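Visitor: pasted the sequence and its predicted model underneath.
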Amino acid sequence: MDSKRALCQIQLACTLGFLIALSCQTAHAAIAGIPNVAIYMSSANGVLDLTWDASPHSLELQLRGLGFVVKAADDGQPNLTGNDAPDAYVIPYQNGNTFYVSAEDMREVASYVAAGGLVILLDAASGDGAALRDFVSQALSLQGDWYLCKRAVKPKSSTKRFVLSRLGDSLALTDWAPSFLPDAGPNAAAAAIEGAASAAVAAVAAARWPSRLEDSRAVDTLTPCVHEDYAMITRPLYTVKGEEMQVAAQAFGKVGSPGAVVWLGYSWKDGPQPQWGALLKKLITDFESGAYKTPTEEDAAWEPVNQGDRMVEEAVERVGVEPGQRS
């Protein structure tokens, strides 16, 4: 009996020690200004299939390697409201049989974004862009239909449900990216470091956009995602060799909303990548530090040069449906 009691006391002490250490880590993160990031890692509802594809784990590994305080939600959608709400919410490549919007509570996601939250959403193995379109529509409470927003490059090969797109050109930063989050130049970085209260704050203030991203075999591109809702603000962040019709990363906001959704075309199938990691750090740290400004009606709507022609082509494919009508 004494030995069992002693064992229980030891286990209790270990548990308390772990909780104290965890509390200290969280408190330290809050003091240092280190963003808290939640990553969706649940396979319970069919959104992720972790039995054959390790890309969600690779994404989690990179987030931790960037120094964020990362909480993996392995039992469904994490709490996105109140004091427990993360600074950023990351949803990995949807490699299961169900889209996120069909499995989880999108009303809570919409509330999170409306309260100033950042969602980083990766692509899906199927649906030709439907997973993104449905998610952004509900997260930003949009009214109307999408134009374009479909696969820009047809996959040359596939492995099981995982689509691999081999792009021959590098992925370059667009001129529109700084209108979503400002780019800190050398002078701004020096001023930020000089006036920063800590090294962590300096790192946040000096964040820069990567000029290019790794051209991985596991990068999917979409045509630009344009919506009928005039209140939606969208910015392509990276395109294939400057081609506006092949987008590898795109940001979405809404007039009057302090939150945003960013779609990334890389699945992390090829593991952590330095420049894609730098992009994650830029997005999350800048957003947490308040660099994102709530869009106003004066923010000009962006349209790719060839948008009109592409919409006409798409309308022709839909028999009897004119551009702008509901499909």
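Guide: Done, it's in.
Visitor: every contact and neighbour count from this point should use C-alpha atoms.
Guide: Will do.
Visitor: distance check, Leu59 against Met232.
Guide: From Leu59 across to Met232, the span is 28 Å (Cα to Cα, to the nearest Å).
Visitor: ditto for Thr294
Guide: On the measure of Cα to Cα, Thr294 and Met232 end up 12 Å apart.
Visitor: of the two, which one has the most company?
Guide: More neighbours surround Met232 than the other of Thr294 and Met232, with 23 against 17 (other Cα atoms under 10 Å).
Visitor: phi first, then psi, for the closest residue to that one other than its chain neighbours.
Guide: Counting by Cα to Cα, 6 or more residues apart in numbering, Met232 lies nearest to Lys254, which is 4.4 Å off, once chain neighbours are set aside. When read as degrees, to the nearest 10, the backbone of Lys254 gives phi -150, psi 140.
Visitor: next one: Tyr147
Guide: The phi/psi pair for Tyr147 (degrees, to the nearest 10) is phi -110, psi 140.
Visitor: so who does Gln143 touch?
Guide: 137, 228-229 (Cα atoms under 8 Å, 6 or more residues apart in numbering).
Visitor: Three-state assignment for it, please.
Guide: Look at Gln143: counting by DSSP: H, G, I helix; E, B strand; the rest coil, its state is coil.
Visitor: got a pLDDT number for it?
Guide: Note on Gln143: pLDDT of 95.
Visitor: do you know how far it is from Leu122?
Guide: 23 Å.
Visitor: where does this protein have low pLDDT?
Guide: Where the chain drops to pLDDT under 70, the residues are 1-32, 153-169, 185-206, 242, 300-327.
Visitor: rerun at 80
Guide: The model of the chain has pLDDT under 80 over residues 1-33, 153-169, 184-207, 216-217, 241-244, 298-327.
Visitor: could I get the full set of helices for it?
Guide: 2-32, 55-65, 100-103, 106-114, 130-139, 177-180, 186-195, 199-205, 274-288, 307-317 (DSSP state H).
Visitor: pull the contacting residues for the nearest residue to Tyr112 once chain neighbours are set aside.
Guide: Among residues not flanking Tyr112 along the chain, Leu80 sits closest, at 5.9 Å (Cα to Cα, 6+ apart). Neighbouring residues of Leu80 by Cα under 8 Å, 6+ apart: 86, 108-109, 112.
Visitor: dump the residues you listed to TSV, plus neighbour count.
Guide: Listed next are the contacts of Leu80 as TSV, based on neighbours: other Cα atoms under 10 Å:
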residue	neighbour count
Pro86	25
Glu108	16
Val109	24
Tyr112	26
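Visitor: widest-spaced pair of the residues you listed?
Guide: Pro86 and Glu108 (12.9 Å; Cα to Cα).
Visitor: which ones are touching the spatially closest residue to Ser43 that is not a sequence neighbour?
Guide: Leaving out its chain neighbours, the residue that sits closest to Ser43 by Cα to Cα, 6+ apart is Asp49, at 5.8 Å. Contacts for Asp49 (Cα under 8 Å, 6+ apart) come out as 43, 95-96.
Visitor: of those, which is the nearest to Ser179?
Guide: Among the contacts of Asp49, and counting by Cα to Cα, the member closest to Ser179 is Asn95, at 31.6 Å.
Visitor: go ahead and confirm the closest one touches Val47.
Guide: Yes: contact criterion Cα atoms under 8 Å: Asn95 and Val47 qualify, at 6.7 Å.
Visitor: what's the burial count for Asp220?
Guide: With other Cα under 10 Å as criterion, Asp220 counts 29.
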